[in-house]
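Q: Take this sequence and fold it.
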Amino acid sequence: MNRKNDSDLLLDRVEFKIIAANEHLNNLREIQSRNPDARGLDSALKWEMEIDCFLVQLLGTLDCLLMLINSKLELGIESERVDLATIQSALNARTKNISLLTDMHQASAYDGWLWVLKEFRNLTMQRPSKDAQYFLFGVTSRSTRDYQNENTGSSDEFVNKNIIRYFQQSLKQVTDLVNSIRVKEPLLM
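A: I've put the predicted structure just below:
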């Protein structure tokens with residue numbers, strides 16, 4: 001997306017959230033570069049805070065997009081009821097751009113990239129991100145540690161680099177999804 005001027009950015013909450021997620025990803029990169037294995041309580045706390053903020057902003061992007069669709073297409077759904085299923089139902093009922101959210105539905109399906117991202121967020125609400133990553137992506141701390149000790153460094157550094165790569169990919173996927181939906185419906189631009 002093209003960066004708008006700051007006052008427009010405050011009004012376009014969808015783009016604002018993408019930029020905010022990117023800022024938190026940059027903060028994670030900075031923390032990782034200063035302390036690759038996030039040793040120490042202070043580094044670990046900063047790491048976890050930035051992960052939480054990244055996930056809130058990134059997934060909030062899609063919530064804001066659904067709110068924008070509700071508003072711009074005048075679907076009349078109460079804000080507390082706005083979600084993917086409700087918006088799709090309203091689009092179907094009004095035969096307005098029924099295929100608008102097809103890509104979001106596919107990404108949200110079981111094991112789709114958006115489903116996995118939401119599961120990761122849900123797991124980090126209950127446990128540290130490293131434990132969530134081990135659990136969700138089938139990486140055991142022992143096998144990761146063995147791999148790293150044989151190769152280049154600590155298992156924490158290995159996990160941190162992988163999570164940054166995963167978040168970069170997730171940010172791109174969300175951005176691409178938002179752009180594809182906005183292109184399908186000019187009122188969302």
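Q: any weak-confidence spans in this protein?
A: 1-4, 37-38, 139-159 (pLDDT under 70).
Q: Could you pick out the longest helix of it?
A: helix 41-72 (DSSP state H).
Q: after it, next one along is what?
A: Sequence-wise, the next helix or strand downstream of helix 41-72 (DSSP states H and E) is helix 84-93.
Q: Please name the residues that touch the residue lying closest to A90 once chain neighbours are set aside.
A: Excluding the flanking residues, the one nearest A90 by Cβ to Cβ, 6 or more residues apart in numbering is L75, at 4.2 Å. For every residue, glycine as well, the C-beta is placed using N, CA and C. Under the criterion of Cβ atoms under 8 Å, 6 or more residues apart in numbering, the neighbours of L75 are I69, I87, A90, L91, R94, K96.
Q: how about the third one, what does it touch?
A: Residues in contact with A90 (Cβ under 8 Å, 6+ apart) are N70, L75, G76, I77.
Q: before we move on, the earlier item: between which two of the contacts of L75 is the distance greatest?
A: Spatially, the most separated pair among the contacts of L75 is I69 and R94, at 11.8 Å (Cβ to Cβ).
Q: Who has more neighbours out of those two?
A: Counted by other Cβ atoms under 10 Å, I69 and R94 do not tie: I69 has more neighbours, with 26 against 13.
Q: surely that one meets L84?
A: No. Counting by Cβ atoms under 8 Å, I69 sits too far from L84 to count as a contact (10.0 Å).
Q: Now do the shared contacts for these two.
A: Here I69 and L84 have L101 as joint contacts, going by Cβ under 8 Å, 6+ apart.
Q: What ranges does the chain have for its strands?
A: Read by DSSP state E, the chain holds no strands at all.
Q: Take the contacts of L75 and lay them out in CSV including distance to L11.
A: Listed next are the contacts of L75 as CSV, based on distance: Cβ to Cβ, whole Å:
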residue, distance to L11
I69, 16
I87, 21
A90, 24
L91, 24
R94, 26
K96, 23
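Q: tell me the contacts of Q88?
A: Q88 neighbours (Cβ under 8 Å, 6+ apart): L101, H105.
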